[in-house]
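Here is a sequence with its predicted model. Questions after.
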Amino acid sequence: MIENMIKNFASLIDRYGFIPNGNRSYYLSRSQPPLLLAHGGIISGGKGNEVYQEYLPALQKEYNYWMDETGPTKHTVKMPDGSVLNRYYDQLDTPRPESYRQDVETSEASKEDPKVIFRNLRSAAESGWDFSSRWFADGQNITTIKTTDLVPVDLNCLLYHLEVTLARAFRVRGDAAKNDLALAKEFDERAEQRKNAINQYCWSPDANWYVDCDTKGELGQEITLAGVAPLFFELVPNERIERYRQSSEREFRSTRWCGDNPQGDKTAVGCSQRLGSAPVAHHKRAAELCAGRARQRYRRTLDSA
């Protein structure tokens, strides 16, 4: 079943150049996050390296979409030092058909230009975190949403993984006529550059956690479970592991929450009454997995010292 789902996703990429946010024509202005071979890794254990060769065309098309190479999609952001990271960005600036009334009400309650509000609402929906307080300028109100001004740490970790996967896929195919080894080297370099940029711009030394930054490179204040992505994709320098582990336990394994709701753990320490920021049981599991993986990585670091 998992393999068939991935084949369906690859078919959408072949048809549209990306995986639309939903299988409706009005979702064609935005993508799903680039997760194709994050899923594909699940089946590579059974099929081996042929998975990478089979899905290489779809992977390359998805990457080209996110890097603005197939249209004016405006997902790429040049950071102050010249490195390139990515953001969420919907192509339209109108209310979403599936949430038209809510979007109009949000724009009417905001002081911002309605077109800016509509695009930021749509762009947050591209992330799947709609709507988390991580997208709000004040950390509380959806009327201050600023998705397109932010460089999300988890999105860039997914694209780092995609670059690593493309490098591997080109090596597996190894077609000299298609210059595959040179392409593999190029994607190795792109992945390394992105890794360095994530560690430079998204690490908060005050919080000992990875956070979103803005397009000018300024760190955000929202502490969210998106910050586990660098650990999952093994981007965290060894010297940060212990501080990172302590922060994960302090911020996400407690029972504190906002208001009078003491349940579980949270995707965002700050509270908003929106989908994506409420305490849900699986967030606690994610936090436990995060802390556990950090401990394992930290032990390996100590063992190799």
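In hand now; what should we look at?

Just the pLDDT at residue 267, thanks.
The score at residue 267 is 53. That number is its pLDDT.

what's near enough to touch residue 174?
Residue 174 makes contact with 180-181, according to C-beta atoms under 8 Å, 6 or more residues apart in numbering. Glycine gets a C-beta too; all of them are placed from N, C-alpha and C.

can you map out the helices along this structure?
2-16, 36-47, 50-54, 56-66, 100-109, 114-127, 153-173, 180-201, 229-232, 241-252, 281-304 (DSSP state H).

just so I know, which of the ones you listed lies nearest residue 92?
Closest to residue 92 of those, according to C-beta to C-beta: helix 114-127, at 6.2 Å.

re the thing from before, go through the helices of the chain and name the closest to residue 28.
Once those are compared by C-beta to C-beta, helix 2-16 is nearest, at 6.6 Å.

In the closest one, which residues are buried?
In terms of neighbour count (16 or more other C-beta atoms under 10 Å), helix 2-16 has its buried residues at 6, 9-10, 12-13.

Would you mind getting the angle between that helix and helix 56-66?
If you take axes from the mean of the first three to the mean of the last three C-alpha atoms, to 10 degrees, helix 2-16 sits at 50 degrees to helix 56-66.

circling back: pLDDT and distance to residue 87 added to the buried residues of helix 2-16, as a markdown table?
Listed next are these as a markdown table, based on pLDDT from 0 to 100; distance: C-beta to C-beta, whole Å:
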| residue | pLDDT | distance to residue 87 |
| --- | --- | --- |
| 6 | 87 | 26 |
| 9 | 92 | 22 |
| 10 | 93 | 25 |
| 12 | 96 | 22 |
| 13 | 95 | 20 |
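
which one of the residues you listed is nearest residue 95?
When these are compared against residue 95 (criterion: C-beta to C-beta), the nearest one is residue 12, at 24.4 Å.
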